[in-house]
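Colleague: Sequence and predicted structure are below.
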Amino acid sequence: MDKLIKQGQTALPTSWGNFTMIAYSVSEEEPMPHLAMVHEDFDPAAPVYLRIHSECLTGDLFHSHRCDCGEQLDRAMQMAAEKGGVVLYLRQEGRGIGLINKIKAYNLQDQGLNTAEANSHLGLDVDGRHYDIAVQMMRDLKIDRVHLLTNNPLKVEAIDQSSVEVVSRIPLVIASRAENYDYLKTKKELMGHFLGK
């Protein structure tokens, strides 16, 4: 993968607290850079409460009930504000398949396929995300140890294989709704996500 470069940063007061937003990309012309939201109390000398969040426009912005992504992001931002943590926002929409394919996959799910089957039916990876992006961002932020906010075993494995130490895994389990019950069931049973009982 090409080297990410810090392209710019700015103070960003939010409803959760005061953060610095940092944009990372290979080129300064990139219209959709990866983002680091770094709380004002961030201290890289201590284990950092950190969420690696892949973009989910439908959940993050429009509060879709088809997934738990927006609620996970909200909880992660709250925890980052409470703990002086960091949220890395990666532009990997739909587990890496992009928004258009995600919409097509939703239509296939409405016809009875689960989220993994829908991606496969479209000839796409069930999960095509890459977390070396996050590792590059953590290295730039001088983060060596993390309390990783995730339910996803692939994220834990990816960071474990890097120079960053996962001190602990902190779950972000969101109660299911009728609209996302099957989606969460698939994440747990087929993808091994740690979602409790």
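Modeller: Yes, it's here. The shown structure was predicted, so the numbers you read here are calculated from the model rather than taken from an experiment. Numbering: from 1, shown residues only.

Colleague: Going by C-alpha atoms from here, please, whenever you check contacts or count neighbours.
Modeller: Will do.

Colleague: how about low-confidence regions in this protein?
Modeller: In the prediction, the chain carries residues with pLDDT under 70 at positions 1, 179-197.

Colleague: Now do the strands in it.
Modeller: 5-13, 18-25, 34-39, 48-54, 86-90, 145-149, 165-170 (DSSP state E).

Colleague: If you count residues, where's the longest helix of this structure?
Modeller: As assigned by DSSP state H, the longest helix anywhere in the chain is helix 69-83.

Colleague: tell me which residues in that helix are buried?
Modeller: Under the neighbour-count criterion of 16 or more other CA atoms under 10 Å, helix 69-83 has 69-73, 75-81, 83 buried.

Colleague: Kindly report the same for stretch 2-15.
Modeller: The neighbour-count criterion (16+ other CA under 10 Å) identifies Leu4, Ile5, Lys6, Leu12 as the buried residues of stretch 2-15.

Colleague: And the nearest residue to Thr150 once chain neighbours are set aside, how close does it get to Gln161?
Modeller: Counting by CA to CA, 6 or more residues apart in numbering, Thr150 lies nearest to Pro171, which is 5.3 Å off, once chain neighbours are set aside. Look at Pro171 and Gln161: by CA to CA, to the nearest Å, they are 20 Å apart.

Colleague: So which of those two has more stuff around it?
Modeller: Shown here are Pro171 and Gln161; by other CA atoms under 10 Å, Pro171 has more neighbours (16 against 12).

Colleague: Thought His147 was touching that one, still the case?
Modeller: No. Under the contact definition of CA atoms under 8 Å, Pro171 does not touch His147, with a separation of 10.1 Å.

Colleague: Name the residues linked to the one residue sitting closest to the centre of the chain by a beta bridge.
Modeller: Of all residues in the chain, the one closest to the mean position by CA atoms, centre = their mean is His53, 1.3 Å from it. On DSSP bridges, the residues paired with His53 through beta bridges are Tyr89.

Colleague: Would you confirm that it contacts Leu90?
Modeller: Yes. If you go by CA under 8 Å, His53 and Leu90 touch, sitting 6.0 Å apart.

Colleague: Can you name every helix or strand that the longest helix of the chain contacts?
Modeller: strand 48-54, strand 86-90 (3 or more CA pairs under 8 Å, 6 or more residues apart in numbering; DSSP states H and E).
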